[in-house]
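Q: only the shape, not the letters, is given here:
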């Protein structure tokens, strides 16, 4: 920041004994000189302003009366005197509030009481302009540093997410395949523990990424028409098993006034609901967890209110004020006992706010808790596709699809090959984008599953070359299978020519769903792929499990 020393003009002062005529000649010789300090033994005792002196000497009796008198007769004996090093903002405020006359007369600058120079209103104005420019420059640099730091943070999160998701795809995939084989009871128990641990790790990664993108405002709502009753039943169905394992009842109730179809972001709503119901089950040792829905507001712009009650351990009044903050749980004992990142409720708060609602809690220790949240939604009509208004695509036969897979990681190659074999798809696997281009030019494939980071040629470049090749090859759907799962990755890959996107780690069900969606045929994963599937390579899977358990201790 600038100080007074940056605006002072080092103008030679005049002595008290000099006559007014001599001082006037100094002004006449230098038209830019605005004021002169009167200094005695190095110490300023007054100020002579050019304008005031000119008016006095121009008066009818002024020149004969004052020309030969000492300059002290026409000087201002009480000028504004300021110390070198003072901030110009302080000086500006002082002049405006206390000494506005200094804007016309000027002011004297001293250092430790000794004269240094003259300051003027013009100099002060120019200094303020320079200071504003400096502040703007500093703000720009600060913003650039903040953006660079944020970019570095995002790059770090993206790299760590990718590096963790890639091997986790192998772990989770092999667990899923091994669970479909004939196992001893002790092996199945150990495998269950591995699944729980790997699932917890992925939950932590997802929580951190979700919070990061929400905090940065990078979440766009996907408004769709959905049957809220079916959604509630779906979420409760997935969590009911974990509740029943603890002997906890999970009940749902939807007020009859809630319309069958509402327009809202069902994915984000489901995420909040999963978190609140999951927490309620986690912190409830006995009793029940209930979920209820009701609708408020005017028709066409309703507010959906969801309440999750439990008979769990409860939350103290003091803790209730902070549990929606990031990395926060009720207390250290709760964190040690139940684990978690402390991001779930913070993410839920940001999601409800993004959907135009709010979230809250009421609880008593030992008496259970009541969490509620609201979102804005709109009453909608039954979608035509659901109502049967259009022709439904015929279910395809799995074996009719021929898939090309480009994946460089050997473990993931084995996982995807096993998944596709379980689903009954014909498939061919290559290790990089260049190989994918070569074989796609020689054989016909119904779909290509493309990893992004590969040697020789990456997935994005390979997809671009496929689209530019023309002919039938250019029309083959390409799905990005990638460990890149940051905000905007899906949209970026779709813009770059991919037909769909599936983040690693993925399950057999998720892979089946994206293939069916892209192929535009409703192949039911549960009915066709899983129900009647015979265990494949049982001995090989069991050997891998034994090796995995031995390595994990």
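A: Ah, there it is. If you're wondering where the values come from, they're calculated on a predicted model, not measured in any experiment.

Q: what about the chain, any weak spots by pLDDT?
A: 1, 200, 203-204, 207-208, 210-220, 297-301, 326-342, 384-399, 485-487, 520-553 (pLDDT under 70).

Q: what lies in contact with stretch 127-144?
A: 1-2, 6-7, 88-89, 92 (C-beta atoms under 8 Å, 6 or more residues apart in numbering). The way it works is simple: take the backbone N, C-alpha and C, and place the C-beta from them, glycine included.

Q: just these: which are in strands?
A: Among those, no member falls in strands (DSSP state E).

Q: list buried residues within these.
A: Buried members of the contacts of stretch 127-144, counted by 16 or more other C-beta atoms under 10 Å: 7, 88.

Q: can I get the contacts of stretch 127-144 in a markdown table including distance to residue 199?
A: As requested, these are exported to a markdown table (distance: C-beta to C-beta, whole Å):
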| residue | distance to residue 199 |
| --- | --- |
| 1 | 54 |
| 2 | 59 |
| 6 | 62 |
| 7 | 66 |
| 88 | 61 |
| 89 | 57 |
| 92 | 62 |
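
Q: in helices only, show me the contacts of stretch 127-144.
A: 88-89, 92 (DSSP state H).

Q: the stretch 451-553 of the chain: strands as residue ranges?
A: 478-482, 500-503 (DSSP state E, counting those that start in this stretch).

Q: looking at the ones you listed, which is buried most?
A: Neighbour counts (mean count of other C-beta atoms under 10 Å) averaged over each of these peak at strand 478-482, with a mean of 25.

Q: helices or strands up against it?
A: Applying 3 or more C-beta pairs under 8 Å, 6 or more residues apart in numbering; DSSP states H and E, one finds that strand 478-482 contacts strand 447-451, helix 459-469, helix 489-495, strand 500-503, helix 508-519.

Q: pull the residues that contact the fourth one.
A: The one in question is strand 500-503. So strand 500-503 is in contact with 165, 477, 479-485, 489-490, 493-494, 510-511, 514, 517-518, going by C-beta under 8 Å, 6+ apart.

Q: could you do stretch 249-260 as well?
A: 227-229, 232-233, 236, 239-240, 243-244, 277, 281, 287-295, 304, 379-380, 382.

Q: try stretch 430-446
A: By C-beta under 8 Å, 6+ apart, stretch 430-446 touches 400-408, 413, 428, 448, 450, 454-459, 461-462, 465-466, 469, 472-473, 476-477, 519.

Q: switch the cut-off to 7 Å
A: Contact with stretch 430-446 is made by 401-404, 406, 408, 428, 448, 450, 454-459, 461-462, 465-466, 472-473, 476, 519, as judged by C-beta atoms under 7 Å, 6 or more residues apart in numbering.

Q: can you check stretch 115-123 too?
A: Residues from elsewhere that reach stretch 115-123 (C-beta under 7 Å, 6+ apart): 4, 7-11, 13, 34-35, 37, 39, 42-44, 84, 103, 106-110.

Q: just the buried ones from those, in PyMOL syntax?
A: To isolate the buried subset of the contacts of stretch 115-123 in PyMOL, counting by 16+ other C-beta under 10 Å, use the following:
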select buried, resi 4+7+8+9+11+13+34+35+37+39+44+103+106+107+108+109+110
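
Q: so which of the contacts of stretch 115-123 sit within strands?
A: Among the contacts of stretch 115-123, the members falling in strands (DSSP E) are 35, 37, 39, 43-44, 107-110.

Q: make a markdown table out of the ones in helices among the contacts of stretch 127-144 and add distance to residue 253.
A: What follows is the ones in helices among the contacts of stretch 127-144, written out as a markdown table (distance: C-beta to C-beta, whole Å):
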| residue | distance to residue 253 |
| --- | --- |
| 88 | 67 |
| 89 | 62 |
| 92 | 66 |
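
Q: ok, the residues you listed vs residue 347, which is closest?
A: residue 89 (42.4 Å; C-beta to C-beta).

Q: and the closest one, how far is that from residue 60?
A: Remark: distance between residue 89 and residue 60 (C-beta to C-beta, to the nearest Å) = 44 Å.

Q: now residue 198
A: Distance of residue 198 to residue 60, given as C-beta to C-beta: 101 Å.

Q: okay, those two: which has more neighbours?
A: For residue 198 versus residue 60, neighbours defined as other C-beta atoms under 10 Å are more numerous around residue 198 (16 against 7).

Q: which element, helix or strand, includes that one?
A: According to DSSP states H and E, residue 198 maps onto helix 185-215.

Q: show me how far stretch 108-116 is from its chain's centre.
A: Using C-alpha atoms, centre = their mean, to the nearest Å, the distance from the centre of stretch 108-116 to the centre of the chain it belongs to is 53 Å.

Q: what does stretch 506-517 give?
A: Per C-alpha atoms, centre = their mean, the centroid offset for stretch 506-517 relative to its chain is 27 Å.

Q: okay, buried residues for it please.
A: 506, 508, 511-516.

Q: can I get these in JSON lines including distance to residue 97?
A: What follows is the buried residues of stretch 506-517, written out as JSON lines (distance: C-beta to C-beta, whole Å):
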{"residue": "506", "distance to residue 97": "67"}
{"residue": "508", "distance to residue 97": "75"}
{"residue": "511", "distance to residue 97": "72"}
{"residue": "512", "distance to residue 97": "75"}
{"residue": "513", "distance to residue 97": "70"}
{"residue": "514", "distance to residue 97": "69"}
{"residue": "515", "distance to residue 97": "74"}
{"residue": "516", "distance to residue 97": "74"}
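
Q: how about residue 189, what does it touch?
A: Counting by C-beta under 7 Å, 6+ apart, residue 189 has no contacts.

Q: from residue 54, how far off is it?
A: For residue 189, the distance to residue 54 - C-beta to C-beta - is 102 Å.

Q: residue 100 too?
A: Relative to residue 54, and taking C-beta to C-beta, residue 100 is found at 21 Å.

Q: compare those two (neighbour count), which wins?
A: residue 54 (14 against 9).

Q: next helix or strand past the helix or strand hosting that one?
A: Here residue 54 sits within helix 50-58, counting by DSSP H and E. Per DSSP H and E, the first helix or strand lying C-terminal to helix 50-58 is helix 62-66.

Q: just checking, what packs against that next one?
A: helix 50-58 (3 or more C-beta pairs under 7 Å, 6 or more residues apart in numbering; DSSP states H and E).

Q: in the helix it packs on, what counts as buried?
A: Judged by neighbour count (16+ other C-beta under 10 Å), helix 50-58 contains these buried residues: 50, 52-53, 56-57.
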